[in-house]
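In: got a predicted model here, sequence first, then my questions.
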Amino acid sequence: MAFLNFLKKKKNEELDIPPPPPIFDYQSKTEFPELRYSLPEGNEEFPPIPSPDAGKVDFEEIHEPLLFKPQIEIPPPIFKPAKPKRDALIEEIPERIKEDEAPEVLDREEMPIGNIMSIKGIETPKISKEAIIEEKKKLEKKYDINKPIFVRADSYKSILSSISIIKSKINESESIVTRLNEIKNTKDKEFEKWKNDLEEMQGKLIYIDANLFER
Amino acid sequence: MQENKKGMPVFVKIDEYKEVLDIMRLLRGKLDEAKRTLLKINDLKNNEDAELEEWRKDVEEIEKKIENIDDSLFEPEGY
């Protein structure tokens, strides 16, 4: 189509190079201009601060012929109460906490047994020695422990079976812990290997980076 | 209920009843401790899973980038 020829680019015809942009004068543009204005002389002082009662309007004085006295009162400006002085605060603190009010400190023997084997960060319930003694006394009241105690034979059988189940479960748990430990060791090895690989990769990347961008 | 030939219930004497009670209490405490430890390990595992997932995504992204670099280096334009 001949009429669309004007859209085609003519061969060997080069466009004119556009003129270069004007050079930006950084020094003159970044500096602030000099201040041309100054305060008028004689007005250097601030106006006086109005008193707190300044907000109140006495309608009686202004509008005497009013039929009713409006109950509007503009509240005075709110002022923050002054902070109490440090000496006054110190006086309020009692000189010494009474011994009866002080918290009871447990002896080493009263510390919970579970804490010995506990894992860091996991709290174990604290059972004081007194609580144990109290419970023992309750039991002694309920059942005379000093006398021979008998348990029904069927209950005894069920207890024995439960103990054997507990034993097997504990053994199973031990084997689970062993397996978990093995898994953890394998995982540690894999992580170590991955760490080494990462370091190697990092070295190679640095080498490539240096080759590609330092030309 | 276990009974003897005459139909009377049979009892078994427990010698160290006090000690048994103490041990039971200790066992209960240990069991509670084990439960808490399990919860803690479960939390750690969840954290570990989250970290592994993030790591997997990073590895995938690295793989894509390496493929891009590979394509650019071995199929250069105008060669």
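Out: Right, received. Where do you want to start?

In: does chain A sit close to the one helix or strand B:Asp22 maps to?
Out: According to DSSP states H and E, B:Asp22 maps onto helix B:17-74. Yes: for helix B:17-74, a contact with chain A is found by C-beta under 8 Å from any C-beta of the partner chain, at B:Tyr17, B:Lys18, B:Leu21, B:Leu26, B:Gly29, B:Lys30, B:Asp32, B:Glu33, B:Arg36, B:Thr37, B:Lys40. C-beta here means a position set from N, CA and C on the backbone, and glycine is covered the same way.

In: pLDDT added to these, as a markdown table?
Out: Below are the residues of helix B:17-74 next to chain A laid out as a markdown table (pLDDT from 0 to 100):
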| residue | pLDDT |
| --- | --- |
| B:Tyr17 | 82 |
| B:Lys18 | 82 |
| B:Leu21 | 87 |
| B:Leu26 | 92 |
| B:Gly29 | 94 |
| B:Lys30 | 92 |
| B:Asp32 | 95 |
| B:Glu33 | 94 |
| B:Arg36 | 95 |
| B:Thr37 | 93 |
| B:Lys40 | 95 |
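
In: export these to CSV and tack on neighbour count?
Out: Compiled in CSV, the residues of helix B:17-74 next to chain A are given as follows (neighbours: other C-beta atoms under 10 Å in any protein chain shown):
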residue, neighbour count
B:Tyr17, 18
B:Lys18, 15
B:Leu21, 16
B:Leu26, 12
B:Gly29, 18
B:Lys30, 14
B:Asp32, 13
B:Glu33, 18
B:Arg36, 17
B:Thr37, 13
B:Lys40, 13
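
In: flag the shaky bits of chain B, pLDDT-wise.
Out: B:1-3, B:5, B:76-79 (pLDDT under 70).

In: one more time with 80, if that's ok
Out: Across chain B, the ranges flagged by pLDDT under 80 are B:1-7, B:73, B:75-79.

In: tell me what the helix holding B:Asp22 is packed against?
Out: helix A:114-117 (3 or more C-beta pairs under 8 Å, 6 or more residues apart in numbering or on different chains; DSSP states H and E).

In: and for A:Lys169, the neighbour number?
Out: Using other C-beta atoms under 10 Å in any protein chain shown, A:Lys169 has 10 other residues around it.

In: for B:Gly29, see how far away it is.
Out: 17 Å (C-beta to C-beta, to the nearest Å).

In: equivalent analysis for B:Leu44, please.
Out: For B:Leu44, the distance to B:Gly29 - C-beta to C-beta - is 23 Å.

In: then A:Lys129?
Out: For A:Lys129, the distance to B:Gly29 - C-beta to C-beta - is 15 Å.

In: same question for A:Ser162.
Out: For A:Ser162, the distance to B:Gly29 - C-beta to C-beta - is 18 Å.

In: Validate this expectation: B:Lys13 resides in a strand.
Out: Yes: applying DSSP: H, G, I helix; E, B strand; the rest coil, one finds B:Lys13 inside a strand.

In: what sits opposite it in the beta ladder?
Out: Applying DSSP bridges to B:Lys13 gives these bridge partners: A:Phe150.
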